[in-house]
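**Student:** I'd like to go over a predicted model; first the sequence, then the structure.
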Amino acid sequence: MAKVVLYKMNMFFRENKAFMIILFISVAIRLVNINIPILEGTATRQIQTAMIAKNLYTNGFNVFYPQVGFLGSGPGYFVEEFPLLNFIAAVLYKLCGGVHEWIGRLISISFFAGSVIFLYNLIRRLFEERTAIVTIIIYSVSPLGLIYSRAFMPDFEVIFFSLGALYFMYLWSVGDKDGFFWFSALFAMMALLSKIHSFWICIPLLAMIWQRQHLSFLFKSRSWAYLLIVLIPTILWYMHARNVHQIYSQTENYVFQISYWIRPSLFISPKYLIKVFEHGWMQMLTPVGFTLFLFGLFLKIKSQQRIILWAWSVGTVFYMIAFCTHMDDPYYNLIFLPITSIFAARAVVWIWQHASGEMSFLNNRFVRIMGIILLLALIGRWAAYAYVVPRGYRHIPVLARTIEQMTDKNDLLITSLPDGHATHYYSNRKGWSFGLPGNDPEKTKEAIARIEYLQKEGAKYFVSVCEDFLEQSVSFRHYLRSRYVVIKEEPGLYSIFLLKL
């Protein structure tokens, strides 16, 4: 029996050698500097995720009422997506004997690895192995993917479940076992629970069902069962999330308002479109990858492949419209990474098959080496950010330790953004995060009124987390320094003001 198992394992590794090497390297490069503070990428989002995981670990594993520390003195319930990643991290904290942020990073990397497996197998069946290999290479070395697949965030959890739903549905649509249909339903449900953004997968899923059953799917009980499996838990969860926010955290309830997400006028704003292009697509694909993606859009595709890929593309366009107000945040563009990698990979394969003979210089070893160096430089240009804490945030852990030493455990802090959330998290203190007003007179009046209101609510300290941002709010800075006492500061880094004696 053991010999049979070893033989099958050897066969598997021989047949999938290239894939296994790419997967191993892709994971390995994400483990570099895994112990750095979670202040790179989108620090605020990472801290929110880590804060919920820490509170699940310390306050009990109640996933229906996850907590954060930047909503004041109350329980700080903060319910948005289902906190699966947070829960897994909290369980591993328990097993490892304490809070370690690298655990959260490792979970994200594991979801990334799972998504590579799904993407590879799906594209290998849709096209052939060469296209699948090139697809996962592009997917794995994307600077945007590198940054956020090792961040303490649920975004690759979402991609993992989304690709799983598509892969299992594809297996069923080509006549494979009915069990894959139900696996697809479970993965689609988890994708929507992980983030409602995953609604885009409904279009390619519907296209695959159409390919097998056409209109008859409307009269199949299994189709309606699929819909119920996906929608009932999703609807119940987000109804619960909205109710919790309405009761416990009115200030955060805006996330359930349509106007917070959809604003079609942005699509006629050149400034907005340029920002999305520079911070999203260039960081995701680099100029070379983006050019290949555009080229790949115009290559011929067989009928079955065309339906699936274009349904997938249409789904992501609907996603962009529905969440347009946040597309200038780079990580919101991750949804596009799998499909753009596929089109770019098709371009690479086509060039290699059809143009390499005419473009004989491509076979020159020196040209290949220079090409690889150029690609690594382009990737490093955007991906290096994954491995270092930005200069303006490096002092935050030190600031947090200072606050811990100077304050009592129950003292409430007001911390300035960016990144006040991180200061609450690392100092183990609760309170409020506060957006600085800049030099707008009306916003300055509102900010002063807010400070005085929060002082009455129990705030004892105001912490200017990044001093250079406070210096840009001249009138507000003058108000703080004339009214309150600075008890600790590091010029150019931070200031701590005492609001109450």
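**Tutor:** The structure has been received and is ready for your questions.

**Student:** for the strand or helix carrying residue 228, buried residues please.
**Tutor:** Assigned by DSSP states H and E, residue 228 belongs to helix 221-248. Buried positions in helix 221-248, judged by neighbour count with 16 or more other C-beta atoms under 10 Å: 223, 226, 229-230, 234, 237-238, 241, 244-245, 248. C-beta coordinates here come from the backbone N, C-alpha and C atoms, glycine included.

**Student:** could you dump these to JSON lines with pLDDT and distance to residue 82?
**Tutor:** As requested, the buried residues of helix 221-248 are exported to JSON lines (pLDDT from 0 to 100; distance: C-beta to C-beta, whole Å):
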{"residue": "223", "pLDDT": "90", "distance to residue 82": "24"}
{"residue": "226", "pLDDT": "95", "distance to residue 82": "19"}
{"residue": "229", "pLDDT": "95", "distance to residue 82": "15"}
{"residue": "230", "pLDDT": "95", "distance to residue 82": "13"}
{"residue": "234", "pLDDT": "96", "distance to residue 82": "9"}
{"residue": "237", "pLDDT": "96", "distance to residue 82": "6"}
{"residue": "238", "pLDDT": "93", "distance to residue 82": "9"}
{"residue": "241", "pLDDT": "90", "distance to residue 82": "9"}
{"residue": "244", "pLDDT": "87", "distance to residue 82": "13"}
{"residue": "245", "pLDDT": "81", "distance to residue 82": "15"}
{"residue": "248", "pLDDT": "72", "distance to residue 82": "18"}
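
**Student:** for this protein, what spans make up the strands?
**Tutor:** 412-417, 431-435, 459-464, 485-490, 494-498 (DSSP state E).

**Student:** what's the closest of these to residue 56?
**Tutor:** Nearest to residue 56, of all these, is strand 431-435, at 20.1 Å by C-beta to C-beta.

**Student:** ok, residues contacting the closest one?
**Tutor:** 69-73, 412-417, 420-421, 424, 447, 450-451, 454, 459, 462 (C-beta atoms under 8 Å, 6 or more residues apart in numbering).

**Student:** picking up where we left off before, other SSEs contacting the helix holding residue 228?
**Tutor:** With contacts taken as 3 or more C-beta pairs under 8 Å, 6 or more residues apart in numbering; DSSP states H and E, helix 221-248 sits against helix 179-194.

**Student:** relative orientation of the helix it packs on and helix 221-248 in degrees?
**Tutor:** Between the axes of helix 179-194 and helix 221-248, defined by axes from the mean of the first three to the mean of the last three C-alpha atoms, to 10 degrees, the angle is 10 degrees.

**Student:** now for helix 179-194, which elements pack on it?
**Tutor:** By 3+ C-beta pairs under 8 Å, 6+ apart, helix 179-194 packs against helix 84-96, helix 155-173, helix 202-213, helix 221-248.

**Student:** contacts for that helix next, please.
**Tutor:** 81-82, 84-85, 154, 157-158, 161-162, 164-169, 171-172, 198-199, 201-202, 205, 222, 225-226, 229-230, 233-234, 237.

**Student:** just the buried members of those?
**Tutor:** 81-82, 84-85, 154, 157-158, 161-162, 164-169, 171-172, 198-199, 201-202, 205, 226, 229-230, 234, 237.

**Student:** so where's the stretch 201-350 of the chain shaky on pLDDT?
**Tutor:** 249-262 (pLDDT under 70).

**Student:** residue 456: neighbour count?
**Tutor:** For residue 456, the neighbour count with other C-beta atoms under 10 Å is 8.

**Student:** list the contacts for it?
**Tutor:** Here residue 456 is in contact with no residue (C-beta under 8 Å, 6+ apart).

**Student:** how close does it sit to residue 496?
**Tutor:** Look at residue 456 and residue 496: by C-beta to C-beta, to the nearest Å, they are 20 Å apart.

**Student:** what's residue 41 sitting at in phi/psi?
**Tutor:** phi 60, psi -130 (degrees, to the nearest 10).

**Student:** ok, for it, nearest residue in space, not its chain neighbours?
**Tutor:** residue 151 (4.3 Å; C-beta to C-beta, 6 or more residues apart in numbering).

**Student:** and the protein, what are its domains?
**Tutor:** Residue ranges for the domains of the chain, per automatic domain parsing: 10-385, 392-498.

**Student:** what separates the residue most central in space within the chain from residue 42, distance-wise?
**Tutor:** Central residue of the chain (C-alpha atoms, centre = their mean): residue 155, 3.1 Å from the mean position. Distance from residue 155 to residue 42, counting by C-beta to C-beta: 9 Å.

**Student:** common neighbours of those two, please.
**Tutor:** Common contacts of residue 155 and residue 42 (C-beta under 8 Å, 6+ apart): 148, 331.

**Student:** related to what we said a few turns ago, turn the strands of the chain into JSON lines, including mean pLDDT, mean neighbour count and distance to residue 23.
**Tutor:** Output for those, formatted as JSON lines (pLDDT from 0 to 100; neighbours: other C-beta atoms under 10 Å; distance: least, C-beta to C-beta, whole Å):
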{"stretch": "strand 412-417", "mean pLDDT": "94", "mean neighbour count": "24", "distance to residue 23": "38"}
{"stretch": "strand 431-435", "mean pLDDT": "92", "mean neighbour count": "23", "distance to residue 23": "39"}
{"stretch": "strand 459-464", "mean pLDDT": "95", "mean neighbour count": "23", "distance to residue 23": "43"}
{"stretch": "strand 485-490", "mean pLDDT": "93", "mean neighbour count": "13", "distance to residue 23": "44"}
{"stretch": "strand 494-498", "mean pLDDT": "95", "mean neighbour count": "20", "distance to residue 23": "42"}
